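Q: Here is my input, please return the structure:
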Amino acid sequence: MSSFVKSIQNVMRNDSGVNGDAQRIEQIVWILFLKIYDAKEQIWEVYEDDYKSIIPSGYKWREWAVDEKDGEALTGEALLDFVNNELFPTLKKIEIDEKTPIRKIIVKTAFEDANNYQKDGVLLRQVVNIIDEIDFTEYKERNEFGSIYESFLKDLQSAGNAGEFYTPRAVTDFMVQVTKPILGERIADFACGTGGFLTSTLNELEKQIGNSLENRELYNQSIHGIEKKSLPYLLALTNMLIHDIDEPDILHDNSLETNYRDLRKMEPYDVILMNPPYGGSEKDSVKVNFPMELRSSETADLFMNVIMYRLKKNGRAAVIIPNGFLSGTDNAKFNIKKKLFNEFNVHTVVRMPHSVFAPYTSIHTNIIFFDNTEATKETWFYRLDMPEGYKNFSKTRPMKLEHFDDAFAWWGNREEIEVEGHPKAKLYSLEEIEKNGYNIDLCGFPQIEEVILDPLDLMLVYQEKRASLNDEIDHVIEQITSIIGGKE
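A: Below you'll find the model as predicted:
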């Protein structure tokens, strides 16, 4: 198991068709998906007498991928021809309808945007053989593979733009553990990426199952995810199968393309855990899905709207947001925060140190915790400082759960903390927050060392500021137009 990742990497480096980490991971994951799905089908066939696969005869993993060492296994040009001209077209054209169960639908959706990047059929055979060595029908081996799969996902953090789909496991585990999901609750992530929040949640819920079959069923039905982009969607599906979710309720869709009137009618969730995409600029056709006063060009702002519409009464939410949301006072951000604080109980904001998402981005982030119980009366702000001995987090020195130890201790025994004359933890009343114009950039880092941003990060910061200014200008123009129109 320990040499698994390295073996595949070494093979793929010799294939001219695979360029960069993102393509390597995408190539590995469609092969993995078929192997794991075949193992699942073998289990379903044992327990269900009438089980019928949605994969046509001749295209199941066991029928083309397994090398019996008898010289008959497809390889070279024959394997490439089969994969490119038979396997992929067949799986993409699978017919489904409203009666097709989720566990079968996912085969078609997984391959809708998948690609075979390898151009060397001999090297493709080697990769298939390495993956075929793992026995996913054995719970212990499948469970151990979860950690291997996690290393694939972690690689995304340094795989260019693909890093946006991965939230460091220490962060998701912290958010889940303080939010405390309970078996029987429904937990959602509307931009789930590779499924990090969902798997952290499942790890917590699994401790509550015991030997009860009823609890196991609750576990299977506990999570819901939506992901817009094809690579992370396929990664998330595979992640769920590894965690024994046979009917993964994960949709290949864009949460922002639903009108807010329809959002209000949709199923609300007990717990929402998210790291919404930020730095992006949404087009007008997406912005009009939200009320005029809540329309923003910034993706993270719009996701905050979605969360507010879909959080169940008494439900709990934990959301990662960029600094721009805290400090922004343009029309949309002001109104979104005003709605948030006046309709929900924003009880805690955790300021995170820089470089948590390095090397993907150095943009400063925060975690905002709120529940749908009552309007906010007061909000705690807590600054999580960089661990001793660290200047930055990096791929080789990432953030670990132990770095949240002080935050865990403070969470259960809250008190105001001051360090060298600067607040590290402080309680603010709603009146103070309103007086500050909903600028909640509080308990920040007093002596932030100048960080020279990567050009892409610099562009993200610039885009966010530009979007905020554009929103302010649009708001002023709307007001002037309204006044002129009123006079006429």
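Q: Flag the shaky bits of the stretch 151-300 of the chain, pLDDT-wise.
A: 151-152, 154-165, 280 (pLDDT under 70).
Q: Please repeat the previous calculation with a cut-off of 90.
A: Within the stretch 151-300 of the chain, the segments meeting pLDDT under 90 span 151-168, 193-194, 229-239, 241-244, 246-247, 277-285, 297-298.
Q: just so I have it, where are all the strands in it?
A: 187-189, 223-227, 250-252, 269-274 (DSSP state E, counting those that start in this stretch).
Q: Helix or strand next in line after the longest strand seen in the chain, which one?
A: In the chain, assigned by DSSP state E, the strand with the most residues is strand 311-322. With elements assigned by DSSP states H and E, the helix or strand that comes after strand 311-322 is helix 323-327.
Q: In whichever helix or strand comes after that following helix, which residues are buried?
A: Later in the chain than helix 323-327, the nearest helix or strand by DSSP H and E is helix 331-343. Using 16 or more other Cβ atoms under 10 Å as the test for burial, helix 331-343 gives 331-341. C-betas here are computed from N, CA, C, even on glycine.
Q: Please apply the same query to stretch 63-78.
A: 64-65, 73-75.
Q: tell me the contacts of the closest residue to residue 126 other than its chain neighbours?
A: Leaving aside its chain neighbours, residue 126 sits nearest to residue 11 (4.8 Å; criterion: Cβ to Cβ, 6 or more residues apart in numbering). Residues in contact with residue 11, defined by Cβ atoms under 8 Å, 6 or more residues apart in numbering, are 123, 126-127, 130.
Q: and of the residues you listed, the nearest to residue 303?
A: residue 127 (36.3 Å; Cβ to Cβ).
Q: ok so residue 74 is a helix residue?
A: No: counting by DSSP: H, G, I helix; E, B strand; the rest coil, residue 74 is not found in a helix; it is coil.
Q: surely it meets residue 82?
A: Yes: the pair residue 74 and residue 82 passes the contact test of Cβ atoms under 8 Å, sitting 5.6 Å apart.
Q: what residues are shared contacts of the two?
A: residue 64.
Q: Identify the spatial nearest neighbour of residue 120, chain neighbours not counted.
A: residue 15 (4.9 Å).
Q: Correct me if wrong: that neighbour contacts residue 119.
A: Yes: applying Cβ under 8 Å, one finds residue 15 in contact with residue 119, separated by 6.3 Å.
Q: what sits up against stretch 414-432?
A: Outside stretch 414-432, the residues that touch it by Cβ under 8 Å, 6+ apart are 341, 375-383, 385, 410, 442-443, 446.
Q: Would you mind checking those for buried ones?
A: 341, 376, 379-383, 410, 442-443.
Q: one step back: just curious, which of the contacts of stretch 414-432 is nearest to residue 480?
A: residue 341 (28.5 Å).
Q: pLDDT at that closest one, what is it?
A: At residue 341, the model reports a pLDDT of 98.
Q: do you know how far it is from residue 377?
A: Remark: distance between residue 341 and residue 377 (Cβ to Cβ, to the nearest Å) = 10 Å.
Q: and what of residue 36?
A: Distance from residue 36 to residue 377, by Cβ to Cβ: 48 Å.
Q: same question for the stretch of helix or strand residue 410 belongs to, mean pLDDT?
A: Using DSSP H and E, residue 410 maps to helix 405-412. Here helix 405-412 scores 96 as its mean pLDDT.
Q: Next secondary structure after it?
A: Following helix 405-412 in sequence, per DSSP H and E, is strand 417-419.
Q: buried residues in that next one?
A: Buried, per 16+ other Cβ under 10 Å, within strand 417-419: nothing.
Q: cool, and stretch 212-231?
A: For stretch 212-231, burial by neighbour count (16+ other Cβ under 10 Å) applies to 215, 218-220, 222-231.
Q: can I get these in a markdown table with distance to residue 99?
A: What follows is the buried residues of stretch 212-231, written out as a markdown table (distance: Cβ to Cβ, whole Å):
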| residue | distance to residue 99 |
| --- | --- |
| 215 | 28 |
| 218 | 24 |
| 219 | 25 |
| 220 | 20 |
| 222 | 24 |
| 223 | 23 |
| 224 | 21 |
| 225 | 23 |
| 226 | 22 |
| 227 | 24 |
| 228 | 26 |
| 229 | 28 |
| 230 | 25 |
| 231 | 29 |
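Q: quick one: which of the residues you listed is nearest residue 107?
A: For those, the nearest to residue 107 is residue 230 (14.2 Å; Cβ to Cβ).
Q: Phi, psi for residue 85 please.
A: Dihedral angles of residue 85 (phi, psi; degrees, to the nearest 10) stand at phi -110, psi -10.
Q: Run a quick neighbour tally on it.
A: Counted with other Cβ atoms under 10 Å, residues neighbouring residue 85 total 10.
Q: What distance do you get for it to residue 459?
A: For residue 85, the distance to residue 459 - Cβ to Cβ - is 40 Å.
Q: ok, and the closest non-adjacent residue to residue 182?
A: residue 208 (7.2 Å).
Q: List the contacts of that neighbour.
A: By Cβ under 8 Å, 6+ apart, the neighbours of residue 208 are 182-183, 215.
Q: try it again with 10 Å
A: By Cβ atoms under 10 Å, 6 or more residues apart in numbering, the residues touching residue 208 are 181-184, 215, 218-219.
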